[in-house]
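Sequence and predicted model, in that order:
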Amino acid sequence: KLRVIPNGVALPERPSSMEFAERRQRLLAECNWPDDAWIVGSIGRLAPQKRVRDLIFAVETLRQIRPNLRLLIVGDGPERARLETFARSVQVASHVHFAGHRGDVADIQPLLQAVCLPSDFEGQSNSLMESMAVGCPCIASDIPPNRELIVHGESGLLVPPGDMVGLMQQMRVLMDDPELASRLGAAARQRMRDHFAIPDMVNRFAVLYRELCAP
């Protein structure tokens, strides 16, 4: 006897144009990146199943033809040292910034042009939901929990786990088609509003409790 109640996520207010510009300039200065940087983010624990190495390799490949591409890795974990070594070994370290654990993720997410979650497995990812809630276009692995959140081609993009070429191709799609990226981001935010809002989650719990307590 199971009842699935999805996580709920808040829909934050978007920063004003001035606030956005100020935050972006601070981030670019912190990372020592140029003004035209196109930033893709990875947010989460640095563990093997997250496949961040695949994302670094995809960025290394794509930046050969899209040199303004940059990867911001937010989070920490047992894979960090190995990932930093790998980034240096494929000569992409200047395009990748390891930000570590941050308390201001909510301020960073609206600054990202895309978020990638190429994990082998996930629960229902809060970081993916939060990124969608701010209107960030997302690329995620095509696994059941991510399919519950992203409708491919409508509210985000999905790629098979381990498909580094697919990751690179989908990032290139978003880079080359800003209108599509904007549309996917807006649809992602609307999907969170319509199906994964906190009041809906609370109401589902209330309904379940009433059913269980009924005589």
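It's in. Numbering: from 1, shown residues only.

From now on I want contacts and neighbour counts done on CA atoms only, so please keep to that.
Noted.

ok, now which ones touch P199?
G8 (Cα atoms under 8 Å, 6 or more residues apart in numbering).

oh, and call the first residue 54 from now on, that's how I've got it
Yep, numbering from 54; the last one is P252 now.

tell me the phi and psi of it?
phi -60, psi -40 (degrees, to the nearest 10).

how close does it sit to F110?
Separation of P252 from F110 (Cα to Cα, to the nearest Å) stands at 40 Å.

Run a quick neighbour tally on P131.
11 (other Cα atoms under 10 Å).

Return the per-residue confidence for it.
Per-residue pLDDT puts P131 at 96.

Surely it is in contact with L99?
Yes. The pair P131 / L99 is scored as a contact, 6.2 Å apart, by Cα atoms under 8 Å.

Run through the residues that contact the most centrally placed residue in the chain.
Nearest residue to the geometric centre of the chain (Cα atoms, centre = their mean): V168, 2.9 Å. Contact analysis of V168 by Cα under 8 Å, 6+ apart lists 93-96, 181, 184, 189-192.

Among these, which ones are in strands?
Those of the contacts of V168 mapping onto strands are 93-96, 191-192, per DSSP state E.

Let's see if you can find the most crowded of these.
C191 (28 neighbours).

so where do the helices sit in the chain?
Using DSSP state H, the helices found in the chain span residues 70-84, 105-115, 133-142, 158-161, 179-186, 197-202, 217-229, 231-248, 251-266.
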